[in-house]
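> fold the following for me, if possible:
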Amino acid sequence: MFKRLKNIYNSIKNLNFVVDNYKNDTVVQSLPVIAYVNKAKKLIEQNNYDEAEEILLEALDISEDYLIYKYLGKIQENRRQYKPAVGYYEKSAQINPNDKEIWLRLAMCELYSDMFKEAILSFEKADKITPMNTDVYTGWGMAYMRLKKYAQARDKFNMACSINKYNYTAILLSAVMEMRLEDYANAEDKLKFLSKVAPNETSNYEYAHLKLIKADYENAIIYANKAIEINKQMLPAYFILGETYSILKEYENTHNTFKTAIENDLDCATLHFEWGKACVRLLEFDRAKEEFTTALGKDNNFVESKIGIALINSYHKDFSLLEELKEKNASNVYIQEASGLEFFEQAKHEEALAMFKKALKTDNKQTYNYYHLANVYKILNQNDKAKDYYEKFIAENPNYIKGLLEYSKWLINISDFVQAQRKLRKALKLEPDNTEILNLLFFTQYTIAQENVSEYNIKESLMIAQKAETLGRFEYPDKKQELENILKNIQGTK
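Numbers count the residues shown, from 1 in each chain. Got it, this is the predicted structure:
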């Protein structure tokens with residue numbers, strides 16, 4: 001107590017020597033504390049926060065005025081020390097709850113401190129003190145957004161827009177909420193508007209994101225590139241590009257996108273994780289595991305990378321990591337797919353079917369699940385369904401040789417040689433010197449030629465056999481000889 005009284009005495013004594021300066025700092029010369037506040041305000045404007053804070057703390061020895069706490073809060077807010085700012089703003093609001101600014105500042109600092117429910121209450125009070133304030137409604141919407149109450153958030157952002165049609169932040173956030181609520185038409189209108197009047201990296205990124213959701217891949221690429229042109233450090237825009245290119249099976253563009261991001265100093269765990277996800281879509285599983293492992297090396301706590309590795313491991317019937325992760329991550333598409341493979345390995349076919357279908361519902365771009373479903377239906381001898389899912393898989397992954405080959409072999413096993421021939425011809429276009437494809441194609445055409453004897457069919461089969469022989473691996477010399485004999489008989493009768 002004695003020290004406090006002494007500080008007050010010294011403060012007043014010092015003010016007597018600087019009375020002229022004090023009069024210049026304040027209009028209300030009867031209140032010495034205002035002089036301290038005004039001095040501090042000037043220092044705050046000059047970003048001299050340490051000296052301003054020192055002056056305000058000295059002023060507290062004279063009086064616990066709401067302005068002192070308010071500007072101490074501003075100092076902490078400018079330093080981005082939001083929780084200490086909350087404490088000061090709360091004290092200021094308790095002393096003078098009718099200040100027109102205090103509740104908004106308190107609410108924003110509570111928002112930045114992840115005190116979302118408290119922020120909502122403060123925004124409500126701010127609205128009562130300064131109704132129809134576009135900044136209040138924007139912040140209010142952000143608090144609801146962070147609580148994942150997207151409908152309420154959208155309503156607040158829309159109100160902010162109606163108060164000020166130039167509040168582009170509120171327009172953008174309203175569009176983002178509409179995307180979350182799957183109201184894509186209204187989101188499209190807002191983002192299209194922003195792309196014309198306020199085309200910054202964020203609005204272009206969100207428009208690219210919307211285009212990706214709507215499977216408008218051409219425009220997703222265009223707007224993602226626009227975001228990057230404005231800001232080469234816009235990492236999420238690279239992720240949009242990588243995902244889009246991988247969906248389109250553009251292998252080179254996919255990998256170049258992530259390489260470019262690294263060249264622009266954006267190397268991080270998340271980048272390698274997203275790269276790994278892109279590799280999974282491209283069915284480049286070894287490369288995917290490399291990227292997931294790199295991501296985990298950069299961040300040991302990156303659970304999503306562990307999940308990615310667990311999926312790749314499950315392709316090799318290693319489910320040990322899955323057991324560790326599946327309980328807490330049941331909604332993750334990779335966990336669902338890996339769980340389906342575990343069920344399949346355990347011969348729990350109905351459970352496997354349910355899990356693969358669930359994974360497709362979670363993310364229909366995780367198309368390897370079509371392949372898994374086909375394999376389950378093969379085991380269950382439901383050939384029509386197996387064909388249906390093989391066809392869906394091939395349609396999404398037309399250049400995946402392994403899929404074409406396995407589908408073709410199964411078609412041969414069920415004696416559907418005509419369909420097998422068609423798939424093998426597609427495969428041969430992708431890999432003209434693949435002797436496995438050549439041998440399988442010869443066998444199917446040999447079988448078809450026997451059932452439908454014609455000079456054309458036989459000659460075509462023999463050409464395939466000859467190419468396989470030239471490449472050093474032909475498995476059906478007896479059948480080739482048989483076709484040659486039939487051809488001689490045909491030609492001999494002419």
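> what ranges does the stretch 201-350 of the chain have for its helices?
Along the stretch 201-350 of the chain, counting by DSSP state H, counting those that start in this stretch, helices occupy 201-213, 217-230, 235-247, 251-263, 269-281, 285-298, 303-315, 320-325, 333-345, 349-362.
> what helices and strands are in contact with the fifth one?
Helices and strands touching helix 269-281, by 3 or more C-beta pairs under 8 Å, 6 or more residues apart in numbering; DSSP states H and E, are helix 235-247, helix 251-263, helix 285-298, helix 303-315. For glycine as for every other residue, the C-beta is placed from the backbone atoms N, C-alpha and C.
> what of the first one?
With contacts defined as 3+ C-beta pairs under 8 Å, 6+ apart, the secondary structure elements packing on helix 201-213 are helix 168-180, helix 184-197, helix 217-230, helix 235-247.
> run through who's touching the last one.
Read that as helix 235-247. With contact meaning C-beta atoms under 8 Å, 6 or more residues apart in numbering, helix 235-247 is reached by 201, 204-205, 208-209, 212, 217, 220-221, 224-225, 227-228, 253-254, 257-258, 260-261, 266, 268, 270-271, 274-275, 277-279, 281-282, 365.
> and Leu282, how many residues sit next to it?
Around Leu282 there are 21 other residues, counting by other C-beta atoms under 10 Å.
> and it, its phi and psi?
phi -80, psi 0 (degrees, to the nearest 10).
> next up, the contacts around it.
Leu282 touches 246, 249, 251, 254, counting by C-beta under 8 Å, 6+ apart.
> isn't the last one right next to Lys277, touching?
It stands for Thr254. No. Applying C-beta atoms under 8 Å, one finds Thr254 not in contact with Lys277, separated by 10.5 Å.
> just give me the residue right at the centre of the protein.
Using C-alpha atoms, centre = their mean, the residue of the chain that lies closest to the mean C-alpha position is Phe239, 7.0 Å off.
> now that residue: how far from Tyr205?
Using C-beta to C-beta, to the nearest Å, we find Phe239 at a distance of 10 Å from Tyr205.
> got it, and Ile213?
13 Å.
> between the two, which has more neighbouring residues?
Tyr205 (23 against 13).
> and the more buried one, what is it in contact with?
Neighbours of Tyr205 in contact, by C-beta under 8 Å, 6+ apart: 223-224, 227, 234, 236-237, 240.
> separation between the residue nearest to the centre of the chain and Leu428?
Phe239 is 36 Å from Leu428, by C-beta to C-beta.
> now do Ile312
Ile312 is 29 Å from Leu428, where distance means C-beta to C-beta.
> more neighbours, these two?
Ile312 (23 against 18).
> my guess is that one contacts Glu291, does it?
No. Contact criterion C-beta under 8 Å: Ile312 and Glu291 do not qualify, at 10.2 Å.
> picking that back up, make TSV from the helices and strands packed on helix 201-213 and add mean pLDDT and distance to Lys306 to it.
Formatted as TSV, the helices and strands packed on helix 201-213 follow (pLDDT from 0 to 100; distance: least, C-beta to C-beta, whole Å):
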stretch	mean pLDDT	distance to Lys306
helix 168-180	97	27
helix 184-197	96	33
helix 217-230	98	28
helix 235-247	98	19
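> adding distance to Glu350, write those helices out as a markdown table.
Shown next, in a markdown table, are the helices and strands packed on helix 201-213 (distance: least, C-beta to C-beta, whole Å):
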| stretch | distance to Glu350 |
| --- | --- |
| helix 168-180 | 34 |
| helix 184-197 | 35 |
| helix 217-230 | 35 |
| helix 235-247 | 30 |
